[in-house]
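J.: the following block contains a protein sequence and its predicted model.
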Amino acid sequence: MVRTALFLMGLTIALPAAAVNLQVYTESDGITPVWLLEPQPGSFYENGIGAPTVTYDDVTSTYVMLFETRLPDSYIATLPGDYTGCGSIWAFGRATSPDGLNWSVTGTDPVVIPQPGSYFGCMVGHPNVVRDNGTLHLWFKADDATGQRGVGYATSTDEGLTWTYSTDPVIQITGFGFPTVAKVDDTWYMLLAKVPSLHLATSQSPDKDWAMLSTPVFDPGRAQWMEDRVYGPSLTCEPAGATYALTAHFGGKDCAVGDGACNPPNASGLGRAWSNDGVTWWLDTSASPAFQWVGDQVWNHWSILRAGSDYLVWFTRKNSAGQNRIGFATTNFSWADADVASRICTAVVDTGDTGSGTDTGTETETETASDTGTDSSTGSDSTTDTDTGTGSDTDTGEIGGGCCSTTGGTALGFGWVALLGAIALGRRRRA
């Protein structure tokens with residue numbers, strides 16, 4: 001297959017022994033991003049299309065995406081049930097692609113719609129899908145008319161066309177966002193964001209018995225670009241035989257830039273860390289950060305897959321009307337589909353200290369995965385990507401906590417250094 005790559009964004013990412021470019025998919029001018037999916041007037045996603053989660057089906061050679069959207073009033077009027085008290089109604093659409101770049105939205109209806117009377121009676125948001133033995137597992141942020149209920153869960157055996165939902169949230173928690181999940185041997189690991197930190201929950205089963213640590217596993221302040229907040233984690237697996245089992249890409253914010261309150265425009269970045277147990281994370285400090293943007297160029301809500309030694313990044317960025325749309329970046333436009341890895345990881349047998357990265361060195365206690373109280377940091381859910389229909393966006397989409405991390409040295413793997421680079425236009429043939 002030939003994949004045409006119009007790319008740039010001027011990023012060179014330095015590795016310990018070689019260099020790789022992080023390239024944003026752009027128009028022929030090498031500057032204007034190509035938007036893979038955009039809101040379409042008259043559709044159920046006319047208010048915006050964002051927060052993608054992507055998996056790859058190696059049987060049919062198809063990329064499958066779920067995305068979130070705020071349903072228009074005209075569409076809500078056609079739905080059965082009573083949505084009184086909900087305010088905005090958010091749902092998930094589905095799209096497919098043969099190459100990760102050219103996408104088609106499935107049908108004229110969402111595939112996941114809030115169900116009145118359920119724990120997700122008003123909103124489903126921040127989807128995260130893991131493919132395991134032919135089943136798609138979906139975790140999401142769930143709200144009803146009373147507010148945020150927790151982490152919802154559903155499964156699909158037909159590539160995301162229809163879903164079976166859990167009776168209750170699998171984790172009862174408020175004031176959170178961006179659940180991301182990977183499996184290492186028999187253990188499921190979930191990172192989620194709660195302002196201003198990242199938290200961990202684990203389980204032996206994807207649909208029940210999640211135990212959440214009582215303290216954060218990753219805090220801000222370990223570099224200037226992530227001085228005030230870390231948010232939006234995305235878990236992937238390291239290759240078999242690597243030093244670590246898990247990789248987490250995450251956003252960071254330095255709120256001193258801009259209005260000082262972490263509202264756009266501000267300085268944000270995308271960083272990376274590794275772990276074998278989800279508790280101790282080794283920060284890639286060979287660059288700070290891997291990708292950085294300022295002002296209205298901010299990315300949010302990314303989904304990342306590993307393809308061999310490269311990364312594929314689907315991200316959300318707003319248009320001039322404040323509506324979400326989905327773009328793409330990668331370290332190599334010539335990636336092979338056969339190399340795209342799932343989020344089912346292999347445990348590392350030897351977990352000895354390599355002396356690389358930043359060891360959080362934290363001992364934490366687990367607590368039952370339920371939080372029915374109020375988020376003390378904000379008193380409300382601040383993670384909803386609120387599209388008012390006038391172009392405003394109140395998405396803080398981050399995470400909470402405040403202990404247990406230290407700063408440290410250089411990590412193993414790809415050391416990403418963001419440098420302003422030359423604009424490039426090219427065409428590459430995939431293997």
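T.: Received, thanks.
J.: show me where the stretch 251-400 of the chain has helices.
T.: Using DSSP state H, counting those that start in this stretch, no helices are found in the stretch 251-400 of the chain.
J.: where in it is pLDDT low?
T.: Residue ranges of the stretch 251-400 of the chain with pLDDT under 70: 258-259, 263-267, 287-288, 290, 294-297, 350-400.
J.: please enumerate the strands of it.
T.: 267-275, 282-283, 291-294, 300-307, 310-318, 324-330, 344-345, 366-368 (DSSP state E, counting those that start in this stretch).
J.: out of those strands, which comes closest to Thr78?
T.: Thr78 lies closest, by Cβ to Cβ, to one member of the strands of the stretch 251-400 of the chain: strand 324-330, at 22.5 Å. Glycine gets a C-beta too; all of them are placed from N, C-alpha and C.
J.: hmm, back to that, want to throw the strands of the stretch 251-400 of the chain into CSV with mean neighbour count and distance to Pro179?
T.: Converted to CSV, the strands of the stretch 251-400 of the chain look like this (neighbours: other Cβ atoms under 10 Å; distance: least, Cβ to Cβ, whole Å):
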stretch, mean neighbour count, distance to Pro179
strand 267-275, 25, 17
strand 282-283, 27, 21
strand 291-294, 18, 22
strand 300-307, 24, 12
strand 310-318, 24, 16
strand 324-330, 24, 19
strand 344-345, 20, 17
strand 366-368, 12, 17
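J.: looking at these, which is closest to Trp35?
T.: Short answer: strand 324-330, nearest of the strands of the stretch 251-400 of the chain by Cβ to Cβ, at 4.6 Å.
J.: tell me what angle that closest one forms with strand 310-318.
T.: Strand 324-330 and strand 310-318 are oriented at 160 degrees to each other (axes from the mean of the first three to the mean of the last three Cα atoms, to 10 degrees).
J.: out of the strands of the stretch 251-400 of the chain, which comes closest to Leu213?
T.: strand 366-368 (5.7 Å).
J.: got the angle between the strand or helix carrying Pro127 and strand 300-307?
T.: Per DSSP states H and E: Pro127 is located in strand 123-132. Relative orientation of strand 123-132 and strand 300-307, computed by the same axes, to 10 degrees: 10 degrees.
J.: got the CA coordinates for strand 123-132 in CSV?
T.: Coordinates of each C-alpha in strand 123-132 appear next as CSV, following Å, rounded to 0.1, in the frame of the first residue of the first chain:
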residue,chain,number,x,y,z
MET,A,123,-23.1,11.8,29.0
VAL,A,124,-20.4,9.4,27.8
GLY,A,125,-17.0,11.0,27.3
HIS,A,126,-13.3,10.4,27.0
PRO,A,127,-13.5,6.9,25.4
ASN,A,128,-10.7,4.4,25.7
VAL,A,129,-10.8,1.0,23.8
VAL,A,130,-8.5,-2.0,24.2
ARG,A,131,-8.7,-5.0,21.8
ASP,A,132,-8.3,-8.4,23.4
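J.: and the next helix or strand after that strand, which strands flank it?
T.: With elements assigned by DSSP H and E, the helix or strand that comes after strand 123-132 is strand 135-144. Strand pairing for strand 135-144, using DSSP bridges, gives strand 123-132 (antiparallel), strand 147-156 (antiparallel).
J.: buried ones in strand 135-144?
T.: Buried residues in strand 135-144, counted by 16 or more other Cβ atoms under 10 Å: 136-144.
J.: can you give the distance from that strand to the centre of its chain?
T.: 13 Å (Cα atoms, centre = their mean, to the nearest Å).
J.: got it, and stretch 242-250?
T.: Using Cα atoms, centre = their mean, the offset of stretch 242-250 from its chain centre is 15 Å.
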